[in-house]
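1. Got a sequence here, can you model it:
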Amino acid sequence: MKSNAKISHKQKCGISRRDFMAAAAALTVVPSGVLGRSGNVPPSRKLNIAGVGVGGMGGGYIRSVSSENIVALCDVDEKYATNTYKRYPGAKIYRDFRKMLEKEKNIDAVVIGTPDHTHAIIASMAIKMGKHIYCAKPLTRTIYEARMLTQAAHKAKVCTQMSVQSDASEAQRILCEWIWDGAIGPVREVHVWSNRPIWPQGIERPKDTPPVPAGLDWDMWLGPAPYRPYHPAYVPFKWRGWWDFGTGALGDMGCHTFAHIVRALKLGHPTSIHASSTKLFPETAPSASMVHYDFPAREGMPAVKMTWYDGGLKPRRPEGLEDSRQLGAEGLIFVGQEASLLCGFSAGSLRLIPETRMKDYKRPPKMLPRSIGHYKEWVEACKGGKPAGCNFDIGGPLTEMTLLGNIAIRMGQKLNWDGENMKFTNVPEANDYLHYEYRGNLTL
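-> Prediction:
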């Protein structure tokens, strides 16, 4: 399906570049009417929370909000979810999220920890029913889904949060304060790398067809994805490297790392993207890749180039970095006009380069409000508090940015992007990757 044919103008595609930048830069309090919340849960009452996809990371999400009432749990893999089921004996158990949402009328909020390809259909139904949403990153598997969910949540005035825990970190606040203080001067270049993938990628589809394990509803697991026979190469966890189900190394970690860059540099939509990688296979992400994003000048900041590396690839060591210091398994380098900034994901990991600059730098005062905690932000928002830090107005565009890189990897050529109208302008066939036809009668 050519998604751009269905969604081709501002009124239908949603968030403009200006709105995106405003949301991405906002670390201060936003009036509740801007981002929306239903406000139907009094602060004195615990939320009634349901979980969908609770065997893996979803089980961890549920534990992180277990101060509230866990009233229902849903998973298509009974064995994988057993430990979570045992932890909450009072929760109603379901295999089909649709039945759960239709039957359990007391649900206030839904936590989604399923594979990427089912996020959108679950969240969409819950949002239409007025449920608050916490969703694993990336928000969706396709750019179209991300745009639609962002709009739907905004319109429904439900409280949302995408699972970018780093967005609530002290490190992110310090990073923004240092860059905005001019610690390294204007930034025109950023490098970000990950130790992913830690699952198989760059492989062909298995040819054997072993039986489906007892307790797994394979048809429900596939959801909107095209049908294929069950194989342990997909379930559990290994689904991340398969394009039909996951979004590869970039999709797994891009939202986490790009969140720092978007906040600090106030980035909106990129204007172009191109990528290179190891051998491409039709159904899986490559074993290693580099993705290059170009962003225009904005808000007094110069145009900037951002490069992503995965599969063991790393950027060139910055000039001035002492020989004994390693870049680490993952991190970021901001290259400024006057110095560089090496950034890990803890508050003590930020280092100005060269070291003399670090020693001489007078730290600015704390200018940004600190987070009350990633999960608590969402719970408090659902009860009438401030919008959560990575609500869908922020997490949706962040997901779009990440997924653009995957399309560039698959196309193998430079792509010019019109973010406002959600389309590639120089390679029309790239727009085919914005979305796909769902299997069966599933819809957003």
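2. For the rest of this, base every contact and every neighbour count on C-alpha atoms.
-> OK.
3. Tell me who's in contact with the residue positioned nearest the centre of the chain.
-> Nearest residue to the geometric centre of the chain (C-alpha atoms, centre = their mean): P138, 2.9 Å. Residues near P138 by C-alpha atoms under 8 Å, 6 or more residues apart in numbering: D116, M162, G251, D252, C255, T399.
4. Return the per-residue confidence for it.
-> We have a pLDDT of 98 for P138.
5. what's the answer for W243, then?
-> 98.
6. before we move on, back to that, what separates the residue nearest to the centre of the chain from N83, distance-wise?
-> Distance, P138 to N83, by C-alpha to C-alpha, to the nearest Å: 25 Å.
7. Please apply the same query to L442.
-> Distance from L442 to N83, counting by C-alpha to C-alpha: 29 Å.
8. the more surrounded of these two?
-> A count of neighbours by other C-alpha atoms under 10 Å puts N83 above the other of L442 and N83, at 14 against 11.
9. Just give me how far whichever strand or helix holds the more buried one sits from the chain centre.
-> For N83, the host element (DSSP states H and E) is helix 82-87. Helix 82-87 sits 26 Å away from the centroid of its parent chain (C-alpha atoms, centre = their mean, to the nearest Å).
10. what mean pLDDT would you report for that helix?
-> Helix 82-87 comes out at a mean pLDDT of 98.
11. Give the buried residues for that helix.
-> Buried residues in helix 82-87, counted by 16 or more other C-alpha atoms under 10 Å: T84, Y85.
12. now what about the helix or strand that it is followed by, what contacts it?
-> Once the chain leaves helix 82-87, the next helix or strand it forms, by DSSP H and E, is strand 92-94. Contacts with strand 92-94, where a contact means C-alpha under 8 Å, 6+ apart, come from V71, A72, L73, C74, D75, Y85, M100.
13. and if we set it to 7 Å?
-> V71, A72, L73, C74, D75, M100 (C-alpha atoms under 7 Å, 6 or more residues apart in numbering).
14. Format the residues you listed as CSV; extra columns: neighbour count and distance to W221.
-> Output for the contacts of strand 92-94, formatted as CSV (neighbours: other C-alpha atoms under 10 Å; distance: C-alpha to C-alpha, whole Å):
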residue, neighbour count, distance to W221
V71, 20, 22
A72, 25, 18
L73, 28, 15
C74, 27, 12
D75, 27, 9
M100, 20, 16
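15. Dump these to a markdown table, plus secondary structure.
-> As requested, these are exported to a markdown table (DSSP: H, G, I helix; E, B strand; the rest coil):
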| residue | secondary structure |
| --- | --- |
| V71 | strand |
| A72 | strand |
| L73 | strand |
| C74 | strand |
| D75 | coil |
| M100 | helix |
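16. between those, which is nearest S287?
-> Within the contacts of strand 92-94, the smallest distance to S287 is 29.7 Å, found for D75 (C-alpha to C-alpha).
17. And the closest one, how close does it get to K366?
-> Counting by C-alpha to C-alpha, the gap from D75 to K366 is 43 Å.
18. go on, K128?
-> Using C-alpha to C-alpha, one obtains 40 Å as the distance from K128 to K366.
19. Which one's more surrounded, the two?
-> Neighbours were counted for K128 and for K366 using other C-alpha under 10 Å; K128 has more, 14 against 11.
20. Please name the nearest non-neighbouring residue to that one.
-> Leaving aside its sequence neighbours, K128 sits nearest to A156 (C-alpha to C-alpha, 6 or more residues apart in numbering; 7.2 Å).
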